[in-house]
Structure formats: C-alpha cells, structure tokens
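# Here's my sequence, what's the structure:
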Amino acid sequence: MGKPLSLDHADAVRLDEVLAAGFAEYRRSRLPFWTDPTPAPVPEGIEPWPHDPGPPFEQWPGLASEMPLASEGPTPEEAASNLLAGLIETGQFGLDECRLVLVPAHRSSDALALIGWSAKAPLPLLCALLRSWEERFGAQVVAVFGNELHVSVPRPPVEAEHASLLALEHVLSTADNIVDDPPAPFPEYAMDLVGRTSWSFWWD
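Predicted structure coming up:
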C-alpha cells in the first residue's frame with residue numbers, strides 16, 4: 001500500500017477517449033508484428049510464440065456493451081466466493097502473506113485508489129476501467145497481491161464478438177500478462193473470456 005489516490009483522478013478519466021488514444025498508439029506500434037507471420041527468433045530449444053494477428057479493428061470500436069442481469073448466472077457474491085476458493089485451492093496466490101482489508105469505499109472498484117495500491121498499473125485508468133466493468137459486468141475486486149489483481153465477474157460476455165471488444169479493453173489496461181508475458185494471440189485471449197467469471201491482471 002502507498003499513498004491513497006484521490007478519487008478525483010479516476011473521475012477525471014474520460015474512459016472512451018483515453019482508450020481510443022491508447023488503441024491508436026497500440027495499433028501503430030504493433031501493426032508490423034500483426035502483419036508479419038514470421039516467427040520472432042528464440043533461443044534453441046524454446047518454442048516460438050504463435051503468431052498474433054491482433055484485434056480485428058482498424059479504429060477504436062468503443063466499449064463493450066453491458067451484460068444484462070440473468071437469473072441463471074452466479075450472483076456477485078457467488079462469483080467472488082468462487083474466485084477466492086479457486087485461489088486458495090490452486091495455492092498459486094500468496095494468501096498466507098495476505099491480510100483482510102476493510103476499505104471505506106462505496107464500490108469495490110474504488111478500493112485500489114483508496115488504499116494507494118502501489119503496483120505499476122496506471123491507477124487512475126485502472127480504477128476508471130474497474131468502475132466501468134463493475135457497471136457493465138458486475139465485476140468486483142477480490143484480491144491484490146504484489147502486482148497481481150484478481151477480479152470476479154458474475155456477468156461475463158457469452159458471445160465471441162462481445163468478448164473481442166472486452167478483450168481489447170483488457171489489453172489497453174496495459175497489464176503485462178496480457179500484453180507481454182508472453183502475448184497470447186488476441187483471438188485466443190478473447191475467446192477465453194466467453195463465460196469466464198474471473199479475470200487476472202499483473203504488472204511486472
């Protein structure tokens with residue numbers, strides 16, 4: 001934890017405008033790799049990364065639409081509980097070093113700012129994204145550890161086209177596990193979001 005960040009910084013983020021500018025820069029820098037299927041050189045014995053054709057958009061397509069409430073899906077409480085149970089079961093999360101934190105926030109998407117989460121994530125943008133994901137998908141911040149963030153999602157996209165729009169928002173969060181660690185081909189990452197009730201991000 002670090003110095004709390006005023007929520008005014010998140011309020012000031014014009015999310016659609018910021019992501020549009022981010023996508024333009026991201027596409028400019030990545031387009032040469034998307035259009036050239038030649039595998040990048042790797043050390044002997046290392047499997048080459050699969051070719052990534054990139055997102056199927058030439059311009060910022062806008063935010064993914066809201067998922068409506070559905071009686072058959074998990075409740076926000078169930079989704080959060082299932083994610084926490086999964087983190088405990090896999091043992092890949094440092095829960096033995098974690099602490100339960102009560103945050104004076106009206107919504108979980110503001111918690112990271114109010115505790116001054118000191119990861120390398122762009123905190124104002126991330127908080128604005130989390131607010132928007134909370135409104136559109138019911139997303140809840142469940143756990144942070146070091147530079148990792150784990151979010152439960154009771155209303156994930158159920159169609160490939162919808163998931164593709166959301167996947168681009170994930171990419172523009174700048175999370176290293178999505179962009180560079182190594183980058184999963186965009187179509188594969190997008191398809192993995194269909195029906196997925198938890199999202200994980202980390203910044204190196």
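# does residue 144 have beta-bridge partners, and which?
residue 149 (DSSP bridges).
# mind listing what it touches?
112, 117, 119, 150 (Cβ atoms under 8 Å, 6 or more residues apart in numbering). Where you see a C-beta, it was placed from the backbone N, CA and C, and this is true even at glycine.
# from these, which has minimum pLDDT?
Within these, the minimum per-residue pLDDT falls on residue 119 (79).
# Can you tell me how far residue 74 is from residue 66?
Applying Cβ to Cβ, to the nearest Å, the value for residue 74 to residue 66 is 17 Å.
# Repeat that for residue 36.
On the measure of Cβ to Cβ, residue 36 and residue 66 end up 37 Å apart.
# Just the element for the residue nearest to the spatial centre of the chain, please.
By Cα atoms, centre = their mean, the chain has its centre lying nearest to residue 170, at 4.1 Å. Under DSSP states H and E, the secondary-structure element containing residue 170 is helix 160-171.
# contact partners of that helix?
Contacts of helix 160-171 (Cβ under 8 Å, 6+ apart): 19, 23, 26, 55-57, 61-65, 67, 129, 133, 137, 156-157, 178-179, 186-187, 189-191, 193-194, 199, 201.
# Tell me the helix or strand right after the lowest-mean-pLDDT helix or strand in the chain.
The helix or strand of the chain with the poorest confidence is helix 176-179; it has a mean of 86 (mean pLDDT, DSSP states H and E). Using DSSP H and E, the helix or strand that follows helix 176-179 in sequence is helix 186-192.
# Buried residues, that next one. List them.
Using 16 or more other Cβ atoms under 10 Å as the burial criterion, the residues of helix 186-192 that qualify are 186-187, 189-190.
# Tell me the first helix or strand C-terminal of it.
That would be, after helix 186-192 and using DSSP H and E, strand 198-202.
# thinking again about what came up before, please name every helix or strand in contact with the least confident helix or strand of the chain.
Helix 176-179 sits against helix 160-171, strand 198-202, with contacts defined as 3 or more Cβ pairs under 8 Å, 6 or more residues apart in numbering; DSSP states H and E.
# what's the closest of these to residue 99?
strand 198-202 (19.1 Å; Cβ to Cβ).
# Okay, angle between that closest one and helix 160-171 too, please.
On the basis of axes from the mean of the first three to the mean of the last three Cα atoms, to 10 degrees, strand 198-202 is oriented at 30 degrees to helix 160-171.
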